[in-house]
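In: Please work out how this folds:
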Amino acid sequence: MKFNLKALFLALCAFTFSLGILKELNFVLNFDTFLQAAFISLATFFVYNLPSQFEFKQKNIVYTLQFTFLLILSYFVIKTYLALIILVFTFLISFFYVSSFPFLKIKIRKIPYLKSFLISISWTSACVIFPLLNNFANIHLNLMLSIFCFFLALTIPFDIRDFDQDQGKIKTIVGKIGMKNSKFLAVILLILAFLCTTFSHEKIIQLILISMTFIYFSILILLTKKNFSSKNFEYLLDGSIILYGLSYFI
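Out: Reported below is the predicted structural model:
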């Protein structure tokens, strides 16, 4: 298995973001919270390292060891059955989205217009809903909606990049409404995310940092072009997840 730097970076994004959510929920940043964030980070790394096509006849020791380690770590992290259910639900979505199997007549990622929503649901479930349920915290609908809108907006630049590849293969939001309208929709989603955030935050400095993150992200969205191949630009886009997570530490 080749070393996947992008998966490692996304794992860092998940670690920072989930830890920021735990801080936002007023949990002390101790060994327990760091362990939960590390678990989410490792799960993210595992999912983004999955091959696009599984061959069950082949012995894949690397993935087996990774999955075994996650199972062992889950014993020390998961505290409630509801959190376990959400985790299994999120993993199944991610697993069947990333990988394809001969027995599946319809690939999940090829279901029209579902791609962006599945990615947004997976990130929101792993980084927000799981910590909420696992730490017996009250459900914060505004926070969940804000994060969902943020990740939904984040999928749009990547759909713009893959516009030519997706044509005739996958029906996406960008393919339906066009690139200009998709960029406008992404900015609207960020505005909605910020409005939801204002209902659950009282710290002015935190709102300023979140607004700066969204402005930074909006500029990148407007600069996005189809077929952009720069890895640095991809890291800048995904880096908004880290900035968003760090804003919760104030």
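In: With adjacent residues omitted, what lies nearest to the most centrally placed residue in the chain?
Out: Central residue of the chain (Cα atoms, centre = their mean): Trp123, 3.2 Å from the mean position. Using Cβ to Cβ, 6 or more residues apart in numbering and skipping the chain neighbours, the partner closest in space to Trp123 is Phe151 (4.6 Å). From N, CA and C alone the C-beta is placed, and that goes for glycine too.
In: Check which residues of the helix or strand that contains the one you found are buried.
Out: Per DSSP states H and E, Phe151 falls inside helix 141-161. Within helix 141-161, the residues that count as buried by 16 or more other Cβ atoms under 10 Å are 143-161.
In: related to what we said a few turns ago, now that we're looking at the residue nearest to Trp123, what pLDDT does it have?
Out: The score at Phe151 is 96. That number is its pLDDT.
In: What of Gln206?
Out: For Gln206, the model assigns a pLDDT of 85.
In: And for it, the neighbour number?
Out: When neighbours are counted by other Cβ atoms under 10 Å, Gln206 registers 16.
In: for it, what are its contacts?
Out: Shown in contact with Gln206 (Cβ atoms under 8 Å, 6 or more residues apart in numbering): Ser247, Tyr248, Ile250.
In: hang on, isn't the second one packed against Gly20?
Out: Same thing as Tyr248. Yes. In terms of Cβ atoms under 8 Å, Tyr248 counts as a neighbour of Gly20; the distance is 3.5 Å.
In: Among the contacts of Gln206, which one has the most neighbours?
Out: Ser247 (23 neighbours).
In: Spell out which residues sit in contact with the residue lying closest to it once chain neighbours are set aside, please.
Out: Distances taken as Cβ to Cβ, 6+ apart place Leu209 nearest to Ser247, at 3.9 Å, with adjacent residues excluded. Leu209 makes contact with Leu246, Ser247, Ile250, according to Cβ under 8 Å, 6+ apart.
In: All the helices of this structure, in order from the start?
Out: For the chain, the helices defined by DSSP state H cover 5-24, 31-48, 61-77, 81-98, 115-124, 130-134, 141-161, 163-166, 173-177, 179-198, 204-223, 231-246.
In: helices or strands next to the last one in the packing?
Out: Using 3 or more Cβ pairs under 8 Å, 6 or more residues apart in numbering; DSSP states H and E as the contact criterion, the secondary-structure elements in contact with helix 231-246 are helix 5-24, helix 141-161, helix 204-223.
In: mean confidence for the first one?
Out: Okay, so that is helix 5-24. Mean pLDDT, helix 5-24: 93.
In: Buried residues, it. List them.
Out: 7, 9-24.
In: For that helix, C-alpha coordinates in CSV please.
Out: Provided in CSV are the C-alpha atoms of helix 5-24 (Å, rounded to 0.1, in the frame of the first residue of the first chain):
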residue,chain,number,x,y,z
LEU,A,5,-0.4,11.9,2.2
LYS,A,6,-3.9,13.3,1.4
ALA,A,7,-5.5,10.7,3.7
LEU,A,8,-3.0,11.7,6.5
PHE,A,9,-3.9,15.4,6.0
LEU,A,10,-7.7,14.6,6.2
ALA,A,11,-7.0,12.6,9.3
LEU,A,12,-5.3,15.7,10.8
CYS,A,13,-8.4,17.7,9.7
ALA,A,14,-10.7,15.3,11.5
PHE,A,15,-8.6,15.3,14.6
THR,A,16,-8.5,19.1,14.9
PHE,A,17,-12.1,19.5,14.0
SER,A,18,-13.5,16.8,16.4
LEU,A,19,-11.3,18.1,19.2
GLY,A,20,-12.6,21.6,18.6
ILE,A,21,-16.2,20.3,18.8
LEU,A,22,-15.4,18.6,22.1
LYS,A,23,-14.0,21.9,23.4
GLU,A,24,-17.1,23.7,22.1
